[in-house]
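Novice: 3D model of this:
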Amino acid sequence: MAQLRDDVETHIVTWAEVHRDTRILCRRLLPKGPWHGIVALTRGGLVPAAIVAREMSIHTVDTLCIPPMTNRSRAA
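Specialist: Numbers count the residues shown, from 1 in each chain. Now for the predicted structure:
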């Protein structure tokens, strides 16, 4: 199991909160459309993107894979 980082604060989010917050986001985004697609990050963004797509009737969801920071030097 991976070690938790000491410099990152933990905040647990329930699925109900994810759905609630996503619906709130959709209500703010809809008037700013039209929206033709979504680009989702694979490191935690696929499920929220799917919820947004369903709520906003968007049928195109593309993905962007970001590799983890492990074994890479960070830019200063």
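
Novice: How are the helices of the chain distributed by residue range?
Specialist: For the chain, applying DSSP state H gives helices covering 15-29, 46-56.

Novice: quick one: average pLDDT of the longest one?
Specialist: Meaning helix 15-29. Mean pLDDT, computed over helix 15-29, is 93.

Novice: which of the residues in that helix are buried?
Specialist: In terms of neighbour count (16 or more other CB atoms under 10 Å), helix 15-29 has its buried residues at 22, 26. Bear in mind the C-beta positions are built from the backbone N, C-alpha and C, glycine included.

Novice: could you say what helices and strands that helix packs with?
Specialist: helix 46-56 (3 or more CB pairs under 8 Å, 6 or more residues apart in numbering; DSSP states H and E).

Novice: quick one: the helix it packs on to chain centroid distance?
Specialist: Relative to its parent chain, helix 46-56 has a centroid offset of 9 Å by CA atoms, centre = their mean, to the nearest Å.

Novice: could you give the angle of that helix to helix 15-29?
Specialist: 50 degrees (axes from the mean of the first three to the mean of the last three CA atoms, to 10 degrees).

Novice: so what secondary structure elements neighbour helix 46-56?
Specialist: Checking 3+ CB pairs under 8 Å, 6+ apart, helix 46-56 ends up next to helix 15-29, strand 38-41, strand 61-64.

Novice: Sweet, I'm off.
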